[in-house]
Structures are given as structure tokens and as C-alpha cells.
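Colleague: this one's sequence-less:
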């Protein structure tokens with residue numbers, strides 16, 4: 001049995017607070033994880049986990065071993081990173097991204113990165129849902145979603161501003177709202193991934209404003225098209241509508257409600273591709 005893998009999976013079992021939870025996240029059977037921990041216990045001659053309770057509880061020896069196990073795996077990661085830094089970047093990346101983010105923000109920096117590293121390949125897939133993040137099917141998922149998950153690392157890679165936006169056509173027909181309360185009299189275009197999208201609340205407001213609208217999507221390109229068609233008002237990131245704002249097709253309304261939004265890069269903490277992932281994100285941070 002591979003001792004290093006057994007040690008790594010012991011750490012995962014502790015972090016996920018049980019064999020079943022770790023099994024689900026690691027796609028390894030609970031029985032295999034249990035055998036690996038038993039193997040470590042046999043090698044060490046001491047129990048690491050108290051199996052007499054339903055809840056996972058480490059023994060005193062298990063607590064001490066956990067500290068050493070984390071140190072060992074960190075040393076191995078550092079050793080591998082140092083070795084990889086001496087080598088040319090080689091490999092493939094599966095990247096999931098919001099469509100407008102890919103076109104307006106990611107395309108050029110990614111092209112430059114690939115030009116500098118000709119042995120790196122990249123497969124791009126549009127999408128940014130929580131399912132894409134948790135499934136582990138991509139090396140990196142770029143998303144505006146704020147999500148926390150033990151097995152997934154995340155970091156802010158890009159910041160933008162978002163505003164309420166509408167077309168001049170829509171505003172000419174329906175008037176220009178001046179306050180959030182005014183929005184209740186207008187057709188609002190919703191983002192499908194928003195929690196409680198019908199209610200809008202800003203800092204300092206005692207009660208949220210209830211908005212109405214028949215259109216909802218998680219597709220940024222479709223949202224932009226709806227805005228151009230004059231179907232309603234939406235809150236959208238500035239980079240996604242920059243060209244339309246410049247041409248005068250769309251207009252920012254109520255600019256006092258402008259706010260900053262963060263875009264995250266999500267990636268599996270223990271990916272076999274971790275070095276290449278981190279190199280790309282390091283490059284992107286330098287660009288943004």
C-alpha cells in the first residue's frame with residue numbers, strides 16, 4: 001500500500017469529518033479509506049481514530065500524527081513544486097468560465113500565456129454554476145458565485161463594478177427610475193443564480209424592495225441581448241456592457257448604487273494539475 005496516499009487520505013477523512021463524507025468528495029470507497037487508516041495504525045502500532053463513537057474522534061496519537069502528516073504532505077508538495085519550476089510547463093487545462101467573462105476579460109491574457117508556454121493546451125467550456133465547481137470536472141472554474149467547500153480552493157482573480165443598466169429605447173418608453181423603490185414599477189431582468197432574486201436590498205435599507213419581471217437567465221450573452229431589445233432593467237458588470245455603453249445603446253441608471261463585484265477562480269486543492277493551475281492564476285493576477 002502506498003504510504004503517502006494513505007497519509008493524504010487520513011488527512012482528508014479528518015477534514016471531512018468521516019469516511020462517508022470523504023468518500024463522496026474523493027470518489028474513493030469508504031472501505032478503501034478505512035483500510036488505509038487501518039494500515040497506518042498497524043504500521044504505527046497505535047489507534048489513530050476512536051471507532052467506539054458515531055462521530056469521528058481522533059485519539060491522542062491521532063492528533064499528534066495529524067500534525068506530522070500535514071507537515072509531511074506540505075514538504076512533499078514543496079519538493080514537487082521546486083522540481084517542477086525547473087522544468088518547462090507542459091500539460092492540459094480544462095477551464096470553465098462565464099461567457100462574457102471569457103470574451104471580455106479572459107481571452108487575451110490566456111492567449112498570451114499559451115503563447116509563452118507552447119506545450120500547454122487549454123479546453124474552454126462556457127458555464128459558471130455551483131455544480132461545475134463541486135463536480136471537479138474542470139481544473140479551474142471562474143465564477144462570480146461566492147462558495148466555500150473544503151476540497152476546493154478559491155481566490156479572487158478579477159474585480160469589476162456592476163450597475164443598473166437599461167437601453168435608451170426602454171427608458172424612452174417607460175421612464176427612468178430614480179430610486180430603488182421606483183424599480184418596482186419596471187420590468188426587471190433577473191440572474192437565475194441569484195438567491196431570492198425578486199428581493200433587492202442595499203446597505204442601510206430596513207426592508208428589501210420587491211422587484212417584478214418575467215425574464216431570468218444565467219447566460220450573460222442572452223442578458224445583454226435582452227437589454228439591447230429593451231425588455232427591461234438589469235444589474236450587470238460594467239465589462240460586459242462596456243461597448244454598448246460607449247456606443248450609447250445602453251445607459252447606466254442610478255449610478256449611486258454602483259458596487260464592486262469579485263470574480264473567483266475555483267480549483268481542487270489536491271489536483272494532480274495543481275502546479276499548472278497555480279502558474280496560470282499567478283500570470284492572470286499579474287495581468288489584472
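Modeller: Structure received. The structure presented is a predicted model; accordingly, all values stated were derived computationally and were not measured.

Colleague: Lowest mean pLDDT among the helices and strands, pick that one out for the chain.
Modeller: strand 199-200 (a mean of 60; mean pLDDT, DSSP states H and E).

Colleague: Going by neighbour count, list what's buried in the lengthiest helix in the chain.
Modeller: Of all segments of type helix in the chain, defined using DSSP state H, the longest is helix 60-85. Neighbour counts over helix 60-85 (16 or more other Cβ atoms under 10 Å) mark 62, 65, 66, 69, 72, 73, 84 as buried. C-betas here are computed from N, CA, C, even on glycine.

Colleague: In the residues you listed, find the pair that's most separated.
Modeller: 62 and 84 (32.0 Å; Cβ to Cβ).

Colleague: Pull out the buried positions in stretch 14-27.
Modeller: Within stretch 14-27, judged by 16+ other Cβ under 10 Å, the buried ones are 14, 16, 19, 21, 22, 23, 25, 26.

Colleague: What is the nearest of those to residue 270?
Modeller: So of those, ranked by how close each gets to residue 270 (Cβ to Cβ), first place is residue 26, at 8.5 Å.

Colleague: From residue 233, how far out is the closest one?
Modeller: Shown here: residue 26 relative to residue 233, a distance of 45 Å by Cβ to Cβ, to the nearest Å.

Colleague: From what I see, residue 234 and residue 189 are in contact.
Modeller: Yes. Under the criterion of Cβ atoms under 8 Å, residue 234 makes contact with residue 189 at 3.9 Å.

Colleague: what is in contact with these two at once?
Modeller: Overlap of the contact sets of residue 234 and residue 189 (by Cβ atoms under 8 Å, 6 or more residues apart in numbering) consists of 223, 226, 227.

Colleague: could I get those as JSON lines with neighbour count and secondary structure?
Modeller: Formatted as JSON lines, the shared contacts of residue 234 and residue 189 follow (neighbours: other Cβ atoms under 10 Å; DSSP: H, G, I helix; E, B strand; the rest coil):
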{"residue": "223", "neighbour count": "26", "secondary structure": "helix"}
{"residue": "226", "neighbour count": "18", "secondary structure": "helix"}
{"residue": "227", "neighbour count": "24", "secondary structure": "helix"}
